[in-house]
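Participant: fold the stuff below for me.
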Amino acid sequence: MDTATSQETGRISYREAVLDDVPVLVPLVESAYRGDASRGGWTTEADLLQGQRTDPEGVAAVITAPGSRLLVVERDGEPVACCQLEHRGDVAYFGMFAVRPELQGAGLGKRIIAEAERRVRELWDVREMHMTVISVREELIAWYERRGYRRTGRMTPFPYGDERFGLPQRDDLEFELLIKPLT
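Facilitator: Next up is the predicted model:
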């Protein structure tokens with residue numbers, strides 16, 4: 001288990017999620033992206049999407065899928081963030097990244113993504129990380145670009161009509177693939 005300490009974030013540790021974590025992780029993900037609680041951080045999607053971001057079945061599927069890990073980040077033993085790591089052939093996929101809103105902007109996200117990149121290199125010997133981000137999320141995409149990710153211009157449609165992904169508040173949502181070489 002990797003641990004680190006800083007004044008802003010306290011004692012941080014990383015571990016793989018288990019099914020018993022689902023009841024804690026669903027509200028963590030929801031708080032980072034949807035509803036009024038998400039407005040306390042800068043990653044909110046509340047103006048783009050209403051409804052749920054995920055559900056217990058979706059989180060459980062990430063935990064149990066072959067080639068998938070859900071990394072739980074704890075501060076002083078309490079879950080404060082998570083991210084999905086998935087082995088996809090010669091690349092890894094990074095998703096379901098959530099940091100509690102009140103902890104956003106203090107450098108924790110930067111540390112988590114660096115740890116995620118280190119882990120996928122070690123676990124799967126991949127040389128590239130992929131992620132998809134809603135293309136209108138310019139501030140979030142800029143944050144990832146500062147971490148070495150690049151926009152590809154490769155888009156996939158938003159799943160309009162599937163409430164498992166939320167209730168869109170605009171009609172121009174799509175996902176853009178971001179890629180980072182892991183050398």
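Participant: please count neighbours and contacts with C-alpha atoms only from this point.
Facilitator: OK.
Participant: wait, isn't Ile179 in contact with Gly153?
Facilitator: No: counting by CA atoms under 8 Å, Ile179 sits too far from Gly153 to count as a contact (10.6 Å).
Participant: more crowded one of these two?
Facilitator: Between Ile179 and Gly153, Ile179 has the larger neighbour count (other CA atoms under 10 Å), namely 22 against 11.
Participant: alpha carbons of the helix or strand containing that one, as PDB, please.
Facilitator: Using DSSP states H and E, Ile179 sits in strand 174-181. Taking Å, rounded to 0.1, in the frame of the first residue of the first chain, the C-alpha atoms of strand 174-181 are listed here in PDB:
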ATOM      1  CA  GLU A 174     -20.400  13.900 -26.600                       C
ATOM      2  CA  PHE A 175     -17.300  12.300 -25.200                       C
ATOM      3  CA  GLU A 176     -13.800  13.100 -26.500                       C
ATOM      4  CA  LEU A 177     -11.000  10.600 -26.100                       C
ATOM      5  CA  LEU A 178      -7.900  11.900 -24.300                       C
ATOM      6  CA  ILE A 179      -4.600  10.000 -24.500                       C
ATOM      7  CA  LYS A 180      -1.400  10.100 -22.600                       C
ATOM      8  CA  PRO A 181       1.800   8.200 -23.400                       C
END
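Participant: what are the phi and psi angles of Arg100?
Facilitator: phi -50, psi 130 (degrees, to the nearest 10).
Participant: which residues does it contact?
Facilitator: Going by CA atoms under 8 Å, 6 or more residues apart in numbering, Arg100 touches 28-29, 31-32, 41, 80-81.
Participant: Pro159 too?
Facilitator: Contacts of Pro159 by CA under 8 Å, 6+ apart are Phe165.
Participant: what secondary structure does it sit in?
Facilitator: coil (DSSP: H, G, I helix; E, B strand; the rest coil).
Participant: any idea how far it is from Ser13?
Facilitator: 34 Å (CA to CA, to the nearest Å).
Participant: what mean pLDDT would you report for the longest helix anywhere in the chain?
Facilitator: Longest among the helix segments of the chain by residue count, using DSSP state H, is helix 108-124. The pLDDT scores in helix 108-124 average 97.
Participant: what's the angle from it to strand 174-181?
Facilitator: 70 degrees (axes from the mean of the first three to the mean of the last three CA atoms, to 10 degrees).
Participant: great, nothing more from me.
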